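Asks: pasted the sequence and its predicted model underneath.
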Amino acid sequence: MQNPQATFILAAFKSRDTIERAIDSALAQTGVSIEVIVIDDCSPDDTAEIVDAYTDPRVRLIRLEKNRGPGGARNAGLAAARGDWIVILDSDDAISPGRTARMIAQAKQADAQIVVDNIDVISLDGTTKRMFEDARLAALGMLTLPAFIGSNVLFQSEHNYGYMKPIFERRFLEEHSLRFDESLPIGEDYLLLASALAKGGRCAVEPSAGYTYYIRTGSISRVLKLHQVDAMLAADAEFLKNHRLDAASMQAQIRRQRSIEDARSFVILVDQIKARSLSGAVKTAWRNPAAIRHLRMPIAVRLRRLMAPFNAIRPFGTPPKTMSRTTPGTSPHKSKG
């Protein structure tokens, strides 16, 4: 049997409410032969049963024996893939019918091994917003490693290029032994694309939006935790060990490194504020003033109520809000592992 042109990789965990929408959007692709591999990462709900009920032979289900997280689940899909191109699709997102064929054509035209495109973001209230201006991506043309790393400096913007869901030439991934980092609970797809670019992969940019990103309560990419930041620091250190970067990429990496360290201090500060630890918060702010500066972001309005007793470190006077540590720009993706 002839291999399909594209393999969709869907890592699924507790995805019963959205998995059919994702699968159906993949099956609706036009102008390209596809297969859909869904990897159930030990979901406690009936996600696997929903997938197993599909009679379309293009849909395959892999049930993992133990939870491996988003990177591990996707790696299981990569190991089973037969398509010439690997298409990453989150289990609660969707794509437009012509997206895959359009991106493969873009790759051939640009002699690229990777292609990214624009994204439509559906908010919790159902409104739609384009993530990047089409003209901005059209002017970009090709995504380089310095531009990609530089876009993924934390706290500098709400969205970055790490949110893009690339398609990869499978042969290129195999030749360079590229896989998702299974140690990362968040940001594993950022690291894969950065590694592919560091290996010399050419990444074409399709300015139109073919991917639909649904924001939902509880997405692990929306809430930053200390163990996630520590894992990002460790993964970036390993990235630098494995790849020699040019000067522009290294400068971008230095800025990213500093931003992650700032994020670590920020998360610690938030935790100390929640715990009403005045001395701990003051020490953290003293060691890294950037942690305080980041309170100027929109999240600050949610922190001020908890900061009220700490007049010594509360430079703001605003109405109280409820607490949440949702940090824009901290994650290139919505992992569901």
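Replies: Everything's here; your move. Keep in mind that what you see is a predicted model, and the values were worked out from it rather than measured. Residues are numbered from 1 along each chain as shown.

Asks: buried residues, stretch 234-241. List them.
Replies: 235-236, 239 (16 or more other Cβ atoms under 10 Å). For glycine as for every other residue, the C-beta is placed from the backbone atoms N, C-alpha and C.

Asks: got the CA coordinates for it in PDB?
Replies: Output of stretch 234-241 as PDB, limited to C-alpha atoms (Å, rounded to 0.1, in the frame of the first residue of the first chain):
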ATOM      1  CA  ALA A 234      17.400  22.400  31.600                       C
ATOM      2  CA  ALA A 235      16.200  21.800  28.100                       C
ATOM      3  CA  ASP A 236      17.700  25.000  26.800                       C
ATOM      4  CA  ALA A 237      21.000  24.100  28.400                       C
ATOM      5  CA  GLU A 238      20.900  20.700  26.600                       C
ATOM      6  CA  PHE A 239      20.000  22.500  23.400                       C
ATOM      7  CA  LEU A 240      23.100  24.700  23.600                       C
ATOM      8  CA  LYS A 241      25.200  21.600  24.400                       C
END
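
Asks: can you list contacts of it?
Replies: Outside of stretch 234-241, the residues within contact range by Cβ atoms under 8 Å, 6 or more residues apart in numbering are 181, 183-184, 187, 191, 194-195, 198, 253, 256-257, 260.

Asks: so where's the chain shaky on pLDDT?
Replies: The chain contains residues with pLDDT under 70 at 217-223, 271, 273, 275-337.

Asks: ok, Pro70 touching Ala12?
Replies: No: Pro70 is beyond contact range of Ala12, at 10.0 Å (criterion: Cβ atoms under 8 Å).

Asks: next structured bit after the longest strand seen in the chain?
Replies: Assignment by DSSP state E gives strand 203-214 as the longest strand of the chain. Using DSSP states H and E, the next helix or strand after strand 203-214 towards the C-terminus is helix 226-242.

Asks: so how far is that following helix off the chain centroid?
Replies: How far helix 226-242 lies from its chain's middle: 15 Å, per Cα atoms, centre = their mean, to the nearest Å.

Asks: which residue ranges of the stretch 51-200 of the chain form strands?
Replies: Along the stretch 51-200 of the chain, counting by DSSP state E, counting those that start in this stretch, strands occupy 59-63, 85-88, 94-95, 114-122, 128-130, 142-143, 167-169.

Asks: so for stretch 88-99, first residue to last residue, what's the gap.
Replies: 12 Å (Cα to Cα, to the nearest Å).

Asks: what's in contact with that stretch?
Replies: Stretch 88-99 is contacted from outside by 8-13, 15, 17-19, 21-22, 24-26, 28-31, 38, 47, 74, 117, 165-167, 189, 209-214, 216, 219, 333-336, using Cβ under 8 Å, 6+ apart.

Asks: buried only: go through those residues for me.
Replies: 8-13, 15, 18-19, 21-22, 25-26, 29, 38, 47, 74, 117, 165-167, 189, 209-214, 219, 333-336.

Asks: ok, Ala147 - contacts?
Replies: With contact taken as Cβ under 8 Å, 6+ apart, Ala147 is in contact with 140, 161, 252.

Asks: between those, which has the most around it?
Replies: Of the contacts of Ala147, Tyr161 is surrounded by the most neighbours, 23 neighbours in total, counting by other Cβ atoms under 10 Å.

Asks: quick one: that residue and Gly141, what's the gap?
Replies: Distance, Tyr161 to Gly141, using Cβ to Cβ, to the nearest Å: 13 Å.

Asks: please spell out which residues along stretch 196-215 are buried.
Replies: Buried, per 16+ other Cβ under 10 Å, within stretch 196-215: 196-199, 201-214.

Asks: rewinding a little: quick check, nearest of the contacts of Ala147 to Ala53?
Replies: Tyr161 (36.4 Å; Cβ to Cβ).

Asks: touching, the closest one and Asp117? I think so.
Replies: No: using Cβ under 8 Å as the test, Tyr161 is too far from Asp117 to be in contact (11.2 Å).

Asks: returning to what we had before: make JSON lines from the strands of the stretch 51-200 of the chain and add distance to Ala101 to it.
Replies: JSON lines is the format used below for the strands of the stretch 51-200 of the chain (distance: least, Cβ to Cβ, whole Å):
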{"stretch": "strand 59-63", "distance to Ala101": "19"}
{"stretch": "strand 85-88", "distance to Ala101": "10"}
{"stretch": "strand 94-95", "distance to Ala101": "11"}
{"stretch": "strand 114-122", "distance to Ala101": "11"}
{"stretch": "strand 128-130", "distance to Ala101": "21"}
{"stretch": "strand 142-143", "distance to Ala101": "20"}
{"stretch": "strand 167-169", "distance to Ala101": "11"}
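
Asks: right, I'll call it a day here.
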